[in-house]
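**Q** attaching a predicted model along with its sequence, questions to come.
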Amino acid sequence: MIKLENVTKSFGDLIVLKDISVTINGGDYITIMGKSGAGKTTFISMLGLMDRPTSGKYLLDGQDVVNKLDEEVSRLRNEEFGFVFQGYNLINDLTVEENILIPVMYGRKKQVDVEYLDSLLNRLDIKHLLHKKVNKLSGGEKQRVAIARAVVNKPATIIADEPTGSLDTTNRDAVLQIFRELNKEGVTIILVTHDISLTKDATRSYRLAMGHLI
Ligand SMILES: Nc1ncnc2c1ncn2[C@@H]1O[C@H](COP(=O)(O)OP(=O)(O)OP(=O)(O)O)[C@@H](O)[C@H]1O
Ligand SMILES: [Mg+2]
């Protein structure tokens with residue numbers, strides 16, 4: 001469970017998030033909309049422990065994470081979250097396969113569920129790309145690789161920043177179906193999207209505007 005209390009986030013004079021209090025329960029499916037620059041990426045970076053609030057409280061499963069040491073926060077982040085970044089954040093010099101297996105290397109088990117991985121590759125239609133370097137891929141291909149990487153370890157929480165933005169409808173539906181199935185298994189899903197049709201899967205839909213989450 002993620003619980004924020006009166007959280008603010010500023011960059012210098014710019015106050016991006018104002019007094020946000022929200023609880024996200026395990027197994028929730030959350031969507032966050034809002035116009036460009038509203039603070040969506042800032043908000044989910046904080047939720048995913050990639051950045052700290054300027055003020056306020058963040059409790060992850062009851063633990064105060066704001067005052068933890070960096071290394072402990074990194075460990076929690078790796079154990080708890082799978083990310084799909086807005087700019088994919090893949091490692092260009094590595095192959096598709098190597099990129100997808102990064103969370104496995106950093107995970108506790110260090111072992112991949114081969115059957116699950118194979119079904120992901122098929123469903124995301126990236127099996128034929130496994131041995132290609134990421135810098136040779138199209139935007140939509142990169143996005144699908146980024147999604148495979150985010151879900152390969154079945155993290156407790158998946159945070160995805162516009163994960164369907166560069167996908168055609170077939171791939172988009174495949175991705176949404178993967179998220180739905182993981183959510184059925186109890187995985188918490190947090191999606192930033194500009195596509196209102198994605199809110200139909202959500203248990204709660206939020207909007208960020210003027211620094212407030214409503
Ligand atoms: N590291 C940073 N330093 C300074 N300002 C930042 C930083 N990160 C974000 N901002 C500013 O915070 C505001 C919110 O940015 P953010 O990326 O969260 O918006 P967004 O809602 O994700 O937008 P988009 O839909 O375009 O991705 C913007 O005005 C941006 O310029
Ligand atoms: Mg953004």
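**A** Cool, got the structure. Ligands and ions are numbered 1, 2, ... in the order given.

**Q** what sits against the residue nearest the centre of the chain?
**A** By CA atoms, centre = their mean, the chain has its centre lying nearest to Ile159, at 1.9 Å. Applying CB atoms under 8 Å, 6 or more residues apart in numbering, we find Ile159 in contact with Ile44, Leu47, Gly48, Phe81, Gly82, Phe83, Val84, Ile190. C-betas here are computed from N, CA, C, even on glycine.

**Q** including neighbour count, could those go into TSV?
**A** Formatted as TSV, these follow (neighbours: other CB atoms under 10 Å):
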residue	neighbour count
Ile44	24
Leu47	22
Gly48	20
Phe81	23
Gly82	22
Phe83	23
Val84	24
Ile190	24
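
**Q** using TSV, please lay out these together with distance to Lys200, pLDDT and secondary structure.
**A** Formatted as TSV, the contacts of Ile159 follow (distance: CB to CB, whole Å; pLDDT from 0 to 100; DSSP: H, G, I helix; E, B strand; the rest coil):
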residue	distance to Lys200	pLDDT	secondary structure
Ile44	20	98	helix
Leu47	22	97	helix
Gly48	24	97	coil
Phe81	24	96	strand
Gly82	22	96	strand
Phe83	23	97	strand
Val84	19	96	strand
Ile190	16	98	strand
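
**Q** for ligand 2, state which of those residues is nearest.
**A** Of all these, Ile44 has the smallest distance to ligand 2: 8.3 Å, by CB to the ion.

**Q** setting aside sequence neighbours, what's the nearest residue to the closest one?
**A** Take Ile44 and drop its neighbours on the chain: the residue closest to it by CB to CB, 6 or more residues apart in numbering is Ile159, 5.2 Å away.

**Q** and this protein, which residues reach ligand 1?
**A** Residues of the chain lying close to ligand 1 by CB under 6 Å from any ligand atom are Phe11, Leu14, Val16, Gly34, Ser36, Gly37, Ala38, Gly39, Lys40, Thr41, Thr42, Gln86.

**Q** let's see which of these end up in strands.
**A** Among the residues of the chain next to ligand 1, the ones falling in strands (DSSP state E) are Phe11, Leu14, Val16.

**Q** with Ala209 as the reference, measure out to the last one.
**A** Note on Val16: its distance to Ala209, by CB to CB, to the nearest Å, is 12 Å.

**Q** the two: which is more packed in?
**A** More crowded of Val16 and Ala209, by other CB atoms under 10 Å: Val16, with 19 against 13.

**Q** got the CA coordinates for the biggest helix by length in the chain in CSV?
**A** In the chain, taking DSSP state H as the definition, the longest helix is helix 169-184. Only the C-alpha atoms of helix 169-184 are listed here, as CSV (Å, rounded to 0.1, in the frame of the first residue of the first chain):
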residue,chain,number,x,y,z
THR,A,169,-4.3,-0.6,-31.8
THR,A,170,-3.3,-4.3,-32.0
ASN,A,171,-0.2,-3.8,-29.8
ARG,A,172,-2.1,-1.4,-27.6
ASP,A,173,-4.8,-4.0,-26.9
ALA,A,174,-2.1,-6.6,-26.2
VAL,A,175,-0.5,-4.4,-23.7
LEU,A,176,-3.7,-3.5,-22.0
GLN,A,177,-4.6,-7.2,-21.8
ILE,A,178,-1.3,-8.0,-20.1
PHE,A,179,-1.9,-5.2,-17.6
ARG,A,180,-5.4,-6.5,-16.9
GLU,A,181,-4.2,-10.0,-16.3
LEU,A,182,-1.4,-8.9,-14.0
ASN,A,183,-3.9,-6.8,-12.1
LYS,A,184,-6.2,-9.8,-11.7
